[in-house]
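**Q** I would like to see how this sequence folds:
(4 chains)
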There are 2 protein chains.
Amino acid sequence: MHPRYARIADELRAAILGGELPVGAPLPSETVLAARHKVARGTIRQAVAVLTAEGLVGSRQGARRIVLGRERSQNFAVLHSFAEWARAAGHEVTGQVIEQSRRTAGAAEAARLGLAVGDPVLQVLRLRRLDGVAVLLERTVYAGWLAPAVERLPADCDSVTRALFESRGLVFAYGEHLIDAVAAGTEDARLLGVRRGGPLLRQRRVTTTREGRPAEWSDDRYRAGSVTFAIRNAAGALAVHPQD
Amino acid sequence: MHPRYARIADELRAAILGGELPVGAPLPSETVLAARHKVARGTIRQAVAVLTAEGLVGSRQGARRIVLGRERSQNFAVLHSFAEWARAAGHEVTGQVIEQSRRTAGAAEAARLGLAVGDPVLQVLRLRRLDGVAVLLERTVYAGWLAPAVERLPADCDSVTRALFESRGLVFAYGEHLIDAVAAGTEDARLLGVRRGGPLLRQRRVTTTREGRPAEWSDDRYRAGSVTFAIRNAAGALAVHPQD
DNA sequence: GTCCCTAGCTTGTTTGAACAAGTTCTGGGC
DNA sequence: GCCCAGAACTTGTTCAAACAAGCTAGGGAC
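**A** From the prediction side, this is the model:
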């Protein structure tokens, strides 16, 4: 059973997405909502904090909260798994390991993965296709303790994240991403089928387990025009949990 | 005076950034922190919620909170203003309007800015330099009601966001961003001084006022290698900033 | 009619308490 | 020595109350 505030948040979200609370309209005041749901004001504040974090509503002290938008921004967590995102968007995803080898960590990798220089790591080069078209080239380095689990995966595994969750109970909960544009190198161009020197969208990311242990470090290159990152930010309102 | 929880958050953040609380270390428990600062547990929870949203600490029910990282990711708000970010990072920013003209909104613009087709808009082409190097080409469309305020700005205005805040009290608080890579067109190549067809990082964004009124729509192209978007996502909360 | 100022409403901050749910560690039993 | 059951601890959820700070609409002065 979800907590009370989450269910109230779901209800409000549904009202916004369903158009009962149109964009620009004020939300009912906290007092009214509290009375309507028979909960304390703090619980309502937690519920609207969820919506604020999603960028659906904005708030200013003294004035009523306002509906900002109807499109719910996906949690950025989907960015962790190309496969999850693509499937949700109705695309067919396939993956293929091009190259896989064990080696030892260099200084940069060691720092990023929280290892010592020389610790074993597993390097994987993976090509992913969307509806048959080569779209993403992943160069991933897994921490040594993950290597056996990754090596056991089939070469055409669709979703590594899901597979590792199912086989090892691993959850990649927190991550850090660096996004920029780079020119396609020779290998990039050949595998993705683009011109050498042409634009690629690069995403470098570190993913850690829920406990904060770094698990993988990856350099992902997307063919230009194939993928766009969408970010909705509920800027000023970054503080979340109002009350305990 | 900042609220109490914000000051406690600042103190904890400083401890993490300063290395007193190294990555992987547990945070003191809420009870301990509450006693130490002589506040209620709820106040401590608000403080750590800030850090959680910044991606600095993670938490699991039942276990102590853990320091996840040392790099603080700025709130996405800074991304609204290239100038604000650059200045904060210690760079010298200059801007220059290349072209500016009024026209009427097409279908796509009207939809994005919440206008009717044919409503007046102001189109501005702006080149921005970082420490003297051309780095960003902005193609911005302002809603008609903003046009007078924008036209009144000097052609070499550094920070449009700040200027509009000061002259009109406008705050660009919420936005939506689409990030991808594109090949440089002829004009892009000439103004940014890169090869035609070379990689550019494109950011398309809609910015609305705090009240949810769309104010500007912009296509920003960054020279590859000059700027990187950093995104840190802590299970739902995301924060982003450009970095070099 | 216009302007200002205040009364009332709304969100923000904080307190203190209680229980629920999950984790960690300590002993005792084997 | 190993393993399992609790005890103790820690975070998560909720309540009720109070005051602070900011906004808005309406009424009074001009």
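**Q** ranges for the strands of chain A?
**A** Using DSSP state E, the strands of chain A run over A:57-58, A:66-67, A:93-104, A:120-130, A:133-143, A:172-183, A:199-209, A:214-223, A:229-234.
**Q** quick one: strands adjacent to the first one?
**A** Sheet pairing of strand A:57-58 (DSSP bridges) gives strand A:66-67 (antiparallel).
**Q** could you give me the average pLDDT of the partner strand?
**A** Average pLDDT, strand A:66-67: 80.
**Q** In contact with residue A:31, which residues?
**A** residue A:41 (CB atoms under 8 Å, 6 or more residues apart in numbering or on different chains). From N, CA and C alone the C-beta is placed, and that goes for glycine too.
**Q** mean pLDDT for the strands of chain A: which is lowest?
**A** strand A:229-234 has the lowest average pLDDT among the strands of chain A, namely a mean of 57.
**Q** Now do the phi/psi pair for residue A:228.
**A** phi -130, psi 140 (degrees, to the nearest 10).
**Q** so it sits right up against residue B:178, yeah?
**A** Yes: the pair residue A:228 / residue B:178 is scored as a contact, 5.0 Å apart, by CB atoms under 8 Å.
**Q** So what's the gap between stretch A:40-56 and the chain middle?
**A** How far stretch A:40-56 lies from its chain's middle: 22 Å, per CA atoms, centre = their mean, to the nearest Å.
**Q** Counting neighbours, which bits of it end up buried?
**A** A:42-56 (16 or more other CB atoms under 10 Å in any protein chain shown).
**Q** next one: stretch A:55-66
**A** A:55-59, A:65-66.
**Q** Tabulate these in JSON lines, adding columns for distance to residue B:15.
**A** Formatted as JSON lines, the buried residues of stretch A:55-66 follow (distance: CB to CB, whole Å):
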{"residue": "A:55", "distance to residue B:15": "30"}
{"residue": "A:56", "distance to residue B:15": "34"}
{"residue": "A:57", "distance to residue B:15": "33"}
{"residue": "A:58", "distance to residue B:15": "32"}
{"residue": "A:59", "distance to residue B:15": "30"}
{"residue": "A:65", "distance to residue B:15": "34"}
{"residue": "A:66", "distance to residue B:15": "37"}
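**Q** So what sits opposite residue A:223 in the bridge?
**A** residue A:200.
**Q** Neighbours of it, how many?
**A** Residues within reach of residue A:223, counting by other CB atoms under 10 Å in any protein chain shown, total 23.
**Q** what's it in contact with, if anything?
**A** A:133-136, A:192-194, A:200.
**Q** now do 10 Å
**A** Residue A:223 makes contacts with A:130, A:133-137, A:184, A:188, A:191-194, A:198-201, B:181, as judged by CB atoms under 10 Å, 6 or more residues apart in numbering or on different chains.
**Q** Give me the common contacts of residue A:228 and residue B:178.
**A** Residues touching both residue A:228 and residue B:178 by CB under 10 Å, 6+ apart: B:202, B:204.
**Q** if we can go back for a sec, ok, the buried residues of stretch A:40-56 vs DNA strand D, which is closest?
**A** Within the buried residues of stretch A:40-56, the smallest distance to DNA strand D is 3.4 Å, found for residue A:43 (CB to the nearest atom of the strand).
**Q** Now do the same contact list for that closest one.
**A** Contacts of residue A:43 (CB under 10 Å, 6+ apart): A:3-5, A:8, A:30, A:33-34, A:37, A:242-243.
**Q** Select, from those, the two members most distant in space.
**A** Maximum pairwise distance in those, criterion CB to CB, is 17.5 Å, between A:3 and A:30.
**Q** and those two? which has more neighbours close in?
**A** Higher neighbour count among residue A:3 and residue A:30: residue A:30, with 19 against 11, using other CB under 10 Å.
**Q** from the buried residues of stretch A:40-56, which are also near DNA strand D?
**A** Of the residues in the buried residues of stretch A:40-56, proximity to DNA strand D by CB under 7 Å from any atom of the strand holds for A:42-43, A:46.
**Q** Using CSV, please lay out those residues together with distance to residue A:97 and pLDDT.
**A** Compiled in CSV, these are given as follows (distance: CB to CB, whole Å; pLDDT from 0 to 100):
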residue, distance to residue A:97, pLDDT
A:42, 50, 93
A:43, 48, 94
A:46, 44, 92
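**Q** Quick check: the gap between the residue located most distally from the centre of chain A and DNA strand D.
**A** Within chain A, the residue lying farthest from the chain centre (CA atoms, centre = their mean) is residue A:35, at 36.0 Å. Note on residue A:35: its distance to DNA strand D, by CB to the nearest atom of the strand, to the nearest Å, is 10 Å.
**Q** got a list of contacts for stretch A:5-16?
**A** A:1-3, A:20-23, A:25, A:27-28, A:33-34, A:36-37, A:39, A:42-51, A:53-54, A:56-57, A:65, A:67-70, A:72, A:241.
**Q** if you look at those residues, which of them are in helices?
**A** Members of the contacts of stretch A:5-16 lying in helices (criterion: DSSP state H): A:33-34, A:36-37, A:42-51, A:53-54.
**Q** That's all I had, so thanks and see you.
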